[in-house]
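[1] here is a sequence together with a model predicted from it:
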Amino acid sequence: MSSFRIKGGSALKGEIIPQGAKNEALQIISATLLTAEPVTLHKIPNIRDVNKLIELIGDMGAEVEKLDEESYRITAKEINVEFLESKEYKEKAASLRGSIMILGPLLARYGKAKIPKPGGDKIGRRRLDTHFLGFQALGAKFNYSSKDAFYSIDATDLNGKYIHLDEASVTGTANIIMAAVLSKGTTTLYNAACEPYIQQLCRMLNRMGAKISGLGSNLLHIEGVKQLGGTEHTLLPDMIEVGSFIGLAAMTQSEITIKGAGVEHLGLIPEVFRRLGIQMVIQNDDIIIPAQKHYEIDTFIDGSIMTVADAPWPGFTPDLLSIVLVTAIQAKGTVLVHQKMFESRLFFVDKLIDMGAQIILCDPHRATVIGLDRKQNLRGIKMSSPDIRAGVSLLIAALSAEGESVISNVEQIDRGYQNIDARLKALGANIERLD
Ligand SMILES: CC(=O)N[C@H]1[C@@H](OP(=O)(O)OP(=O)(O)OC[C@H]2O[C@@H](n3ccc(=O)[nH]c3=O)[C@H](O)[C@@H]2O)O[C@H](CO)[C@@H](O)[C@@H]1O
Ligand SMILES: C=C(OP(=O)(O)O)C(=O)O
């Protein structure tokens, strides 16, 4: 287990380029299994979850060529479906959330797929019903063995259907789209997730020969085709990294320029940070955050306390709520952070309270932050990173704090943030990785 030792309290300065989006990468890499032809991918982030998924599809028989630091060519000419029975597969596929999205492509191309209960952040119940109800509607049969937490699905024939999704699940929508593109007839997906990464997946599939319309909405029409061909695809900048860097700049009174932030794909993200009082200048595709000693949280129009809550896109992503929470610690004013989707994602506030933050955990879903307005600094402590976003939030807190902090279990952070210690060091952060 690795740790970061951080000496906090000094401002950072400089430019940072967001990595390619983790959650888009996981969808796009899975989609390469839909064709026997080469698919070339650019801006692939070098992070644990993505590397694990690339390794997994390589183990399954896809040819994986690394073209440069951020580009891969993947050719899934033959897939060894027998590998899905192996102990190695069960162990590897269980170690990340994104592996769930190999199901749709395998089902569409080979008529069967298997997966152990996937990993990912332990942030509350993470059901997969939407995925399997969708596959079932297309004509697949599935079996869940509770003994070894193993899902198997089979279908000789997939037929397009009208499907009103159980919930707007992101990976569920991606999975059903990938099964439907090679199904017979037309699938209509209602209550589909429509975040930018789903849109990117649909654009890539259309370039491969799929016929998907309704991109950007929650109503998709997918006309099935017999086969798909190769393509080239470039990932969007990671919007969660962009939000994390905005929070980092504000908390540490740093002037940071986020280069190539993909501003048109950020939805409500800049607005939510503006409501915390953070100034930002958007210049072309860059976001410049000036050094700010004070920032004041807005209230609602009637003067009542601001709430920041998550919702499926185009609402505010749940993956940035931990960062909003930590950023509010040094603001002036009060905000209620309401994490509606996940029930165990806010428990890390205990560590922030130990550091001196004024936070009341109201219940597992809601925390009120009473901003310190820099009247008092946080103090460094020893802590462990419980999940990827809480981990980065603790890192931001530690960089803003007086004294030394040690964050252990930083593998959680490495799941989603590429080489974060070196990139922050380049901005002047005093951070050291201890193995
Ligand atoms: C690999 C990947 O892409 N992971 C992302 C993906 O996970 P993932 O696709 O696993 O998340 P889902 O969209 O399925 O659901 C997330 C949670 O929200 C709940 N839910 C979902 C939709 C809805 O309308 N109402 C509702 O309550 C679900 O029950 C679940 O508890 O989307 C999540 C929600 O944006 C993000 O946090 C994850 O980073
Ligand atoms: C919850 C997240 O990831 P995963 O779905 O991979 O656990 C996240 O990226 O914040």
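    Right, received. Where do you want to start? No experiment lies behind these values; they were computed from the predicted model shown. Numbering: from 1, shown residues only. Ligands and ions are numbered 1, 2, ... in the order given.
[2] show me where the stretch 51-200 of the chain has strands.
    63-68, 71-75, 112-116, 141-145, 150-154, 162-164, 186-190 (DSSP state E, counting those that start in this stretch).
[3] where does the residue nearest to residue 104 when sequence neighbours are not counted land on pLDDT?
    What sits nearest to residue 104 in space, not counting adjacent residues and going by C-beta to C-beta, 6 or more residues apart in numbering, is residue 178, at 3.4 Å. (C-beta placed from N, C-alpha, C; glycine too.) Here, the pLDDT recorded for residue 178 equals 98.
[4] so how many other residues sit close to residue 178?
    Using other C-beta atoms under 10 Å, residue 178 is surrounded by 28 other residues.
[5] my guess is it meets residue 105, correct?
    Yes. Under the criterion of C-beta atoms under 8 Å, residue 178 makes contact with residue 105 at 4.9 Å.
[6] anything in contact with each of those two?
    Common contact partners of residue 178 and residue 105 (C-beta atoms under 8 Å, 6 or more residues apart in numbering): 30, 31, 34.
[7] between these, which is closest to residue 48?
    residue 30 (16.6 Å; C-beta to C-beta).
[8] does that closest one lie in a helix or a strand, and which?
    For residue 30, the host element (DSSP states H and E) is helix 22-31.
[9] what's next to that helix, contact-wise?
    Contacts of helix 22-31 (C-beta under 8 Å, 6+ apart): 39, 41, 44-45, 47, 49-50, 53-54, 57, 74, 96-98, 101-102, 104-105, 170-171, 174, 178, 196-198, 200-201, 204-205, 208, 233, 235-236, 238, 240, 415-416.
[10] let's go with 6 Å and repeat that
    For helix 22-31, contacts defined as C-beta atoms under 6 Å, 6 or more residues apart in numbering pick out 44-45, 50, 53, 98, 101-102, 105, 174, 178, 197, 200-201, 233, 235-236, 238, 416.
[11] try stretch 421-434
    Taking C-beta under 6 Å, 6+ apart as the rule, stretch 421-434 contacts 2, 3, 4, 5, 6, 7, 12, 13, 14, 399.
[12] could I get the full set of helices for this structure?
    Per DSSP state H, the chain carries helices over the ranges 22-31, 48-59, 87-93, 103-110, 129-137, 170-180, 196-207, 239-251, 269-275, 321-328, 349-354, 388-400, 411-414, 420-425.
[13] among those, which gets the worst mean confidence?
    Ranked by mean pLDDT, the helices of the chain bottom out at helix 87-93, with a mean of 90.
[14] buried ones in that one?
    Buried positions in helix 87-93, judged by neighbour count with 16 or more other C-beta atoms under 10 Å: 89, 90, 92, 93.
[15] of those residues, which is the nearest to ligand 1?
    For these, the residue nearest ligand 1 by C-beta to the nearest ligand atom is residue 93; the value is 13.4 Å.
[16] not counting sequence-adjacent ones, nearest residue to the closest one?
    Nearest non-adjacent residue to residue 93 (C-beta to C-beta, 6+ apart): residue 99, at 4.3 Å.
[17] next: residue 266.
    Once flanking residues are discounted, residue 266 sits nearest to residue 239: 5.5 Å by C-beta to C-beta, 6+ apart.
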